[in-house]
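# okay, predicted coordinates and the sequence, questions at the end:
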Amino acid sequence: MRVLITGAAGFLGSHLSDRFLADGHSVIGLDNFITGNPENIAHLAGNPRVEFVRHNISTYTYVAGPLDGVLHFASPASPVDYLEHPIATLKVGALGTHNALGLALAKKARFFLASTSEVYGDPLEHPQTESYWGNVNPIGPRGVYDEAKRFAEAMTMAYHRYHGMDTRIVRIFNTYGPRMRPNDGRVVSNFIVQALSNQPLTIYGDGSQTRSFCYVADEVEGIYRLFMRGDNNPTNIGNPNEFTVRQLAELVIELTRTGATIVERELPVDDPKVRQPDIRRAREMLGWEPAVSLREGVTRTIEYFRSVLAR
Ligand code: NAD
Ligand code: UDP
């Protein structure tokens, strides 16, 4: 297969590129580096099955030659990033998704949308099944991301229904691991980098809010299987083991053996109080479930950030 991956220089896009290449496929990576890092794909330079295009997918996009798949992963993803780039985030979810869908249509390629657990907002149903419609504040600061992704899902379903296009929608739950930017602002990278730099860990609010953290290798395997043999309906991919943010902070302090302290900071507006994926669909349809525990995944991620900070 020859696939286009938008956001290929990002955290997930770069691991996903590796996953396709490992199975013998060819990858065209597309990225404008708004939140990406060229180092994430530096190891692919010179690989004859890899091409890279520096381009903004929110503008007209042409790719020469046949394509079997278009995987749309481009979007700022950390709350810090999308609050810093609100308009670019809305545009890449709306215009970028439209351009990527149009390209897939022209090439008769399968389309795959990276959506998010944020479509459930601050959820009133727990755990979240794919049939839950969500509780999102459209005009709050997070709305730029949540509503862009909700629009992207609607647009993807419209191409599926109107054009008969073969489409996939993954709702990704908090994923962490090597290649996150040290300063990307998400909780796992923040806590590890803070601990390794002898800074206090910044818990927002009282730390009782929960997230369910998935190690990147598990997430990417679920995404790959969904692309290959999933169906058109949205599918949660994430790790259902749920932790409070305070528990995560304590685990990072224990595993880094730094004796770091904790400080409380103001809770961001509309910060979801709980989040846990119901992954029955993925289990049954894809035979997939996560295998890496939080302890193991955080240990591996600490090793990664140690090497990055030592540079
Ligand atoms: P990331 O910021 O590391 O990667 C996003 C990549 O997209 C970056 O390389 C960025 O430069 C690129 N990009 C953004 N706008 C672009 C544009 N207009 N044109 C071209 N490239 C553009 O984030 P990530 O964690 O790898 O997230 C990847 C995708 O997965 C995103 O769509 C995100 O919404 C989704 N997602 C991620 C998570 C997670 O926990 N990591 C959770 C839910 C959803
Ligand atoms: N958080 C925190 N300290 C930080 C960064 C984040 O307590 O330094 C909290 C944040 O308020 C949220 C959770 O950790 O409740 C996850 O935040 P993240 O930005 O990783 O992703 P989200 O799930 O909110 O999109």
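Happy to help now that I have it. Ligands and ions are numbered 1, 2, ... in the order given.
# and Val275, which of the three is it?
Careful, residue 275 is Arg; it's not Val. coil (DSSP: H, G, I helix; E, B strand; the rest coil).
# what does the model give it for pLDDT?
Here the pLDDT value assigned to Arg275 is 98.
# just checking, it touches Glu125?
No: contact criterion Cβ atoms under 8 Å: Arg275 and Glu125 do not qualify, at 11.2 Å. All C-beta atoms are positioned from the backbone trio N, CA, C, and that covers glycine.
# mind giving me the domain ranges of the chain?
By the assignment in automatic domain parsing, the chain contains the domains 2-175+215-237, 176-211+241-276+291-309.
# show me how far the first one is from its chain's centre.
Taking the mean C-alpha point of domain 2-175+215-237 and that of its whole chain, the gap between them comes to 8 Å (Cα atoms, centre = their mean, to the nearest Å).
# and Pro268, how far from Tyr204?
6 Å (Cβ to Cβ, to the nearest Å).
# neighbour count winner among Arg275 and Glu125?
Between Arg275 and Glu125, Arg275 has the larger neighbour count (other Cβ atoms under 10 Å), namely 22 against 14.
# contacts only, for that one.
Residues near Arg275 by Cβ atoms under 8 Å, 6 or more residues apart in numbering: Ser117, Tyr120, Pro123, Gln128, Phe173, Asn174, Thr210, Arg211, Ser212, Glu242.
# name the SS class of Phe227, please.
When classified by three-state DSSP, Phe227 comes out as helix.
# and the gap between it and ligand 1?
According to Cβ to the nearest ligand atom, to the nearest Å, Phe227 stands 14 Å off from ligand 1.
# number of residues surrounding that residue?
Burial measure for Phe227: 20 neighbouring residues, criterion other Cβ under 10 Å.
# okay, it: pLDDT?
Phe227 carries a pLDDT value of 98.
# that one: what's its closest spatial neighbour, skipping adjacent residues?
Counting by Cβ to Cβ, 6 or more residues apart in numbering, Phe227 lies nearest to Phe112, which is 5.2 Å off, once chain neighbours are set aside.
# ok so the one you found is a helix residue?
No: according to three-state DSSP, Phe112 belongs to no helix; its state is strand.
# my guess is it meets His72, correct?
Yes: with contact defined as Cβ under 8 Å, Phe112 reaches His72; the gap is 6.8 Å.
# who's in contact with the nearest residue to Phe20 once chain neighbours are set aside?
Distances taken as Cβ to Cβ, 6+ apart put Val27 closest to Phe20, at 5.2 Å, once the chain neighbours are dropped. By Cβ under 8 Å, 6+ apart, the contact set of Val27 is Arg2, Val3, Leu4, Ile5, Ala8, Ser17, Phe20, Leu21, Leu44, Arg49, Val50, Glu51.
# show me which of those residues is closest to Gly185.
Proximity of the contacts of Val27 to Gly185 was ranked by Cβ to Cβ; the top entry is Ala8 with 21.1 Å.
# contact partners for that closest one?
Ser14, Leu16, Ser17, Val27, Gly29, Leu30, Asp31, Gly36, Ile41, Phe52, Phe73.
# and the gap between the first one and ligand 2?
In this structure, Ser14 and ligand 2 are 19 Å apart, going by Cβ to the nearest ligand atom.
# which residues of the stretch 1-150 of the chain lie near ligand 2?
Proximity of the stretch 1-150 of the chain to ligand 2 is confined to Ser78, Pro79 under the rule Cβ under 6 Å from any ligand atom.
# which stretches of the stretch 1-150 of the chain form strands?
Assigned by DSSP state E, counting those that start in this stretch, the stretch 1-150 of the chain shows strands spanning 2-6, 26-31, 50-54, 69-72, 110-116.
# how big is the angle separating the last one from strand 2-6?
Just to be clear, that refers to strand 110-116. For strand 110-116 against strand 2-6, the angle by axes from the mean of the first three to the mean of the last three Cα atoms, to 10 degrees is 30 degrees.
# hmm, who's touching strand 110-116?
Identification of contacts with strand 110-116 by Cβ under 8 Å, 6+ apart yields 7, 12, 68-73, 75, 77, 97, 100-101, 104, 145-146, 149, 152-153, 156, 159, 165-172, 223, 226-227, 234.
# got the residues of the stretch 101-250 of the chain near ligand 1?
With Cβ under 6 Å from any ligand atom as the criterion, the stretch 101-250 of the chain comes near ligand 1 at residues Ala114, Thr116, Ile172, Asn174, Thr175.
# the third one touches Thr235, doesn't it?
Yep, that's Ile172 we're talking about. No: at 10.0 Å, Ile172 does not count as touching Thr235 under the criterion of Cβ under 8 Å.
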